[in-house]
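# Provided below are the primary sequence and the corresponding predicted coordinates.
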Amino acid sequence: MRASLFFVRVALFWGIPLLLPGCIEPYMPAAISSPQSYLVVDGCINSQGVTTINLSRTYDIVTQTPPPVETKATVAIEQEDGPHYPVNESTTKGTYTSPNLTLNTAKNYRLFIRTGAGQEYASAYVPVKTTPPIDNVAWRATDAGLNIYVNTHDDTKASQYYRWEYEETWEIKPPYSPIVEYKNRQIQDITTFFPATCWGNNQSTAIQISNTTRLTQDVVSDFLICSYPTTSERLRSKYSILIKQHAQTQEEYQYWELLKKNTENIGTLFDPQPAQLTGNVRCLSNETELAMGFVGAHSLEKKRIFISRMDLPQKWLIQSGYESCVPPDTIFLTKPFPPPPPAVTLQSYFGNPNYLPIYPVYDQMGAIIGYTAQSRDCIDCRTRGTALRPSFWQ
């Protein structure tokens, strides 16, 4: 899970004093405008597979820009008193991946980082945890909508501390399939077709954790992963969710628990106050330089399910996401009728790459006198997803 935005918020709360009742002037702490940028390490060491690490930097929230990524770093997994394994930057800047590895569960490991600027960082050496398999991913339809749950257990009682993240994919079907296009100042049969189906994708951002330390058995039963209302457009055709399960050490779990409190339970006087977040990543070349993140070492378990529209209650009024696109506009070649939409001039109707023809309009003699049209977002589903069919899609 991308945790960079979480770290930004946590970092900004350092040094913020308690706000006293009756204060009427807003206070902008110096931390918000601080030029200092700290390394954020997001990821864990996968003991039985590919390790993925994302490196970024904290940033001023007032800039309202994506967090800057850390590129051209040298990253490696190091075994205590043993070999090291390279984790190389992928085609996605700031994302580093290892080969498919099988690590020794009897050894301790850490992550080593040397930035392009030459500063060196390392996480603490940690033991390897073995994540138990996911028993099943279940879903239930209620009057309010769809709930998705995960179930797991560990007969050895060695796990106890769990974290989940997920990746979801769904089909997108636009309402129109154009048969004409505007080219060379005229309407003609279409030569470049638009995809009939695209696939949307989303990765979880909420921190999902649970522990079984107060239970007699190491069993997680019906842990709620996510919910959707009965109108959710993601359920319109076919939906899939991939659950990823991590077994953590107590220290790693406490780190994520504090991060969850700092980022999700703040907003009223009755919420817990932000606490300083300390991970296990340290700067080796400068003790005063901060770093954020906790790098654990464990195997990763995954399970995917599919849910089709026909599996859900027929009475659900599931939206398509294209409600505002219907009906299309009618554009005449000689004059605009009806009048152009707001902020759209007559000239922008013709040949506008973001306002596309759909079907021709004929007069009584069969001559084309205009066309129906809509915005590209209503026609080209690639504005909302990808036309590349996922390899796992059924």
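That came through fine.
# which helix is the longest one in the chain?
Using DSSP state H, we find that the single longest helix of the chain is helix 250-264.
# The helix or strand that comes right after that one: partners in the sheet, and parallel or antiparallel?
Following helix 250-264 in sequence order, the next helix or strand is strand 281-283 (DSSP states H and E). Strand 281-283 has its sheet partners listed here by DSSP bridges as strand 120-123 (antiparallel).
# For the stretch 201-350 of the chain, which segments count as strands?
Assigned by DSSP state E, counting those that start in this stretch, the strands in the stretch 201-350 of the chain fall at 208-211, 219-229, 238-247, 281-283, 291-292, 297-298, 300-308, 329-332.
# Make TSV out of the ones you listed and add mean pLDDT and distance to residue 117.
The way it works is simple: take the backbone N, C-alpha and C, and place the C-beta from them, glycine included. Listed next are those as TSV, based on pLDDT from 0 to 100; distance: least, Cβ to Cβ, whole Å:
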stretch	mean pLDDT	distance to residue 117
strand 208-211	98	34
strand 219-229	98	39
strand 238-247	98	31
strand 281-283	96	12
strand 291-292	92	14
strand 297-298	98	27
strand 300-308	98	31
strand 329-332	86	54
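# if you compare those strands, which one is most tucked away?
Mean neighbour count (mean count of other Cβ atoms under 10 Å) peaks for strand 297-298 among these, with a mean of 26.
# Go ahead and name everything in contact with that one.
Applying Cβ atoms under 8 Å, 6 or more residues apart in numbering, the external contacts of strand 297-298 come out as 44-47, 103, 108-109, 126-131, 246-248.
# Show the buried residues in the residues you listed.
44-47, 103, 108-109, 126, 128-129, 131, 246-248 (16 or more other Cβ atoms under 10 Å).
# Cross these against strands and list the overlap.
Among the buried ones among the contacts of strand 297-298, DSSP state E puts 45, 46, 108, 109, 126, 128, 129, 246, 247 in strands.
# Look up how far residue 134 lies from the last one.
Residue 247 sits at a distance of 11 Å from residue 134 (criterion: Cβ to Cβ, to the nearest Å).
# Then the second one?
The gap separating residue 46 from residue 134 is 16 Å, by Cβ to Cβ.
# Report the buried residues of stretch 314-322.
So stretch 314-322, judged by 16+ other Cβ under 10 Å, has buried residues 316, 318, 321, 322.
# Same check on stretch 191-205?
Buried residues in stretch 191-205 (16+ other Cβ under 10 Å): 194, 195, 198, 199, 200, 204.
# Against residue 284, how distant is residue 229?
In terms of Cβ to Cβ, residue 229 sits 49 Å off from residue 284.
# An error on my part: the question was meant for residue 68.
According to Cβ to Cβ, residue 68 and residue 284 sit 22 Å apart.
# How about residue 57?
Relative to residue 284, and taking Cβ to Cβ, residue 57 is found at 18 Å.
# likewise residue 261?
29 Å.
# pLDDT score for the residue lying closest to residue 51 once chain neighbours are set aside?
Distances taken as Cβ to Cβ, 6 or more residues apart in numbering place residue 98 nearest to residue 51, at 4.2 Å, with adjacent residues excluded. Predicted confidence (pLDDT) at residue 98: the value is 98.
# do the same with residue 288
So residue 288 comes in at 89 (pLDDT).
# Repeat that for residue 339.
pLDDT, read off for residue 339, is 52.
# what do you get for residue 64?
Reading off the model, residue 64 has pLDDT 68.
# Could you list the low-pLDDT ranges of the stretch 51-200 of the chain?
Where the stretch 51-200 of the chain drops to pLDDT under 70, the residues are 61-64.
# That one: strands as residue ranges?
Counting by DSSP E, counting those that start in this stretch, the stretch 51-200 of the chain has strands at residues 52-57, 74-79, 84-89, 95-97, 101-102, 108-114, 120-123, 126-129, 134-141, 145-153, 161-172, 180-183, 186-189, 198-203.
# okay, the angle between the first one and strand 300-308?
What it means is strand 52-57. Using axes from the mean of the first three to the mean of the last three Cα atoms, to 10 degrees, the inter-axis angle of strand 52-57 relative to strand 300-308 is 90 degrees.
# coming back round to it: closest to residue 40 among the buried residues of stretch 314-322?
Nearest to residue 40 out of the buried residues of stretch 314-322 is residue 321 (Cβ to Cβ; 32.9 Å).
# Just give the closest residue to the closest one, not the sequence neighbours.
In space, residue 321 is closest to residue 233, 3.8 Å off (Cβ to Cβ, 6+ apart).
# Tell me, how many residues neighbour that neighbour?
A total of 18 residues lie near residue 233 under the criterion other Cβ atoms under 10 Å.
# now do residue 139
Residue 139 has 18 neighbouring residues, counting by other Cβ under 10 Å.
# Tell me if I'm right that the residue nearest to residue 51 and residue 77 touch.
Yes. Using Cβ atoms under 8 Å, residue 98 is in contact with residue 77, at 6.3 Å.
# what do the two both touch?
51, 85, 87.
# mind giving me TSV with these and columns for distance to residue 180?
Listed next are those as TSV, based on distance: Cβ to Cβ, whole Å:
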residue	distance to residue 180
51	50
85	56
87	51
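# close enough to count as contact, residue 181 and residue 188?
Yes. Here residue 181 reaches residue 188: they are 6.4 Å apart, a contact under Cβ under 8 Å.
# Comparing the two, which shows the higher neighbour count?
Neighbours were counted for residue 181 and for residue 188 using other Cβ under 10 Å; residue 181 has more, 19 against 13.
# What separation do you get for the more buried one and residue 356?
7 Å.
# cool, residue 263 as well?
Going from residue 263 to residue 356 by Cβ to Cβ gives 41 Å.
# returning to what we had before: looking at residue 261 and residue 284, which is more packed in?
residue 261 (18 against 14).
# Report the central residue of this protein.
What sits nearest the mean C-alpha location of the chain, by Cα atoms, centre = their mean, is residue 203, with 2.9 Å.
# With adjacent residues omitted, what lies nearest to that one?
Residue 203's closest residue in space is residue 167 (Cβ to Cβ, 6+ apart), at 5.1 Å.
# And residue 199, by the same measure?
Nearest non-adjacent residue to residue 199 (Cβ to Cβ, 6+ apart): residue 385, at 5.1 Å.
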